[in-house]
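Novice: Below: sequence and its predicted model.
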Amino acid sequence: MANTQAMCTSFKADLLNGLHAFGTSVVRGATTADTFKAALYLASATINAATTAYSATNEVSGTGYTAGGVAVTFGTAPSTSGTSAIVTPSASIVYTTVTLTTSFDTVLLYNSTQSNKAVSVHTFGAQTITAGTLTLTMPTNAVSTALIEID
Amino acid sequence: MTMINTIHGGMDETDLVKTEGVYEDDNERTTWVEYRLPGSDEIVHRSAHVGLKQVLADGLIAELN
C-alpha cells in the first residue's frame, strides 16, 4: 500500500452541498437546500467570472419578464463520478411568453437564498424574444458535460 | 390549425410566414423560430431554445488541485 496526495472526491461534492465553511464569517441563511435563480443579461452587460452576485444592472426587461429571473430546479443532488463532483439543473429554465426586444446573450445562475451570490455565467448567441418563449435546456449531468463540475 | 401567440394576439400559423434556424458552437446548440405577417419584415413572434453546454475554456469549471 502507498499513500497518495489528493483532494478527497467526497469533499468536492460536500462543497456543492455547502457542508464546509472555512471562513469564520460564513452564515448560512437556511438549513435546507438553497433556492437558485437564473437572470438574463443584455449583450452590452459585463457579466463574467468576476461577478459576485446578482444585480439588476443591465438585466433584461420586457413584457412577461420579472427582475431577478426565474427559479432553477435542482432536483438531483450533487454527485461524484471518478474524481469529479457534478451538479446540473434537473429541468430546463423557461421564460414563458416574454417579449425581450434588446439583445441578450447571458444567463447568470445565482443563489437567492444566500444573498444572491453568483454561481455561474453562461453565454450564448445574442437573442431576442417576441411574444414567445425562451427555453434553456440543460446538458447531461455527467463528467465533462454537467453544467457545474469541480475536477 | 396551430395557433401562434403574436404581438397581435393568437394567429393561425398558416396566416404567417415562418422562419427557422439552428446555431451550434462549443457553448450552445440553439434553435429559433420567427413568424412574420406576409409581406412584412416585422417579427410578430420569436422563440428560442438554447441548449447549454458545459464551458471548458473560460474557467467555469473550478479546478481544485
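Specialist: Thanks, I have the structure now.

Novice: who in chain A is up against chain B?
Specialist: Residues of chain A that fall close to chain B, judged by Cβ under 8 Å from any Cβ of the partner chain: A:7, A:12, A:49, A:97, A:99, A:107, A:120-125, A:127-139, A:144-151. No exception for glycine: its C-beta is placed from N, CA and C like everyone else's.

Novice: Buried members of those residues into ChimeraX, please.
Specialist: Buried residues among these (16 or more other Cβ atoms under 10 Å in any protein chain shown), as a ChimeraX selection:
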select /A:12,99,107,120,121,122,123,124,125,127,128,129,130,131,132,133,134,135,136,137,138,139,146,147,148,149,150,151
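
Novice: Mind checking which of the residues of chain A next to chain B land in strands?
Specialist: A:97, A:99, A:107, A:120-125, A:127-137, A:148-150 (DSSP state E).

Novice: ok, which stretches of chain A are helices?
Specialist: A:9-16 (DSSP state H).

Novice: what's around residue A:61, how many residues?
Specialist: For residue A:61, the count of nearby residues is 14 (other Cβ atoms under 10 Å in any protein chain shown).

Novice: Let's see the pLDDT reported for residue 17.
Specialist: You didn't say which chain, so I picked chain A. Note on residue A:17: pLDDT of 80.

Novice: wait, I meant chain B there
Specialist: What the model reports for residue B:17 is a pLDDT of 97.

Novice: what bridges to the closest residue to it other than its chain neighbours?
Specialist: Nearest non-adjacent residue to residue B:17, counting by Cβ to Cβ, 6 or more residues apart in numbering or on different chains: residue B:36, 4.7 Å away. Judged by DSSP bridges, the bridge partners of residue B:36 are residue B:17, residue B:43.

Novice: Tell me who's in contact with the residue in chain B that chain A sits nearest to.
Specialist: Distance from chain A to each residue of chain B (Cβ to the nearest Cβ) is smallest for residue B:47, at 3.3 Å. Taking Cβ atoms under 8 Å, 6 or more residues apart in numbering or on different chains as the criterion, residue B:47 is in contact with A:129, A:132-135, B:32-33.

Novice: And for residue B:37?
Specialist: Residue B:37 touches B:15-17, B:44, counting by Cβ under 8 Å, 6+ apart.

Novice: can you check residue A:44 too?
Specialist: residue A:58.

Novice: one more time with 10 Å
Specialist: A:58, A:102-105, A:126 (Cβ atoms under 10 Å, 6 or more residues apart in numbering or on different chains).

Novice: Run through the bridge partners of the residue of chain A found nearest chain B.
Specialist: Using Cβ to the nearest Cβ, the single residue of chain A nearest to chain B is residue A:132, 3.3 Å away. Here residue A:132 sits in beta bridges with residue A:98, going by DSSP bridges.

Novice: what's the closest non-adjacent residue to the residue nearest in space to the middle of chain A?
Specialist: For chain A, the residue nearest the mean C-alpha position is residue A:109 (2.9 Å; Cα atoms, centre = their mean). With Cβ to Cβ, 6+ apart as the criterion, residue A:109 has its nearest non-adjacent residue at 4.3 Å, and that residue is residue A:119.
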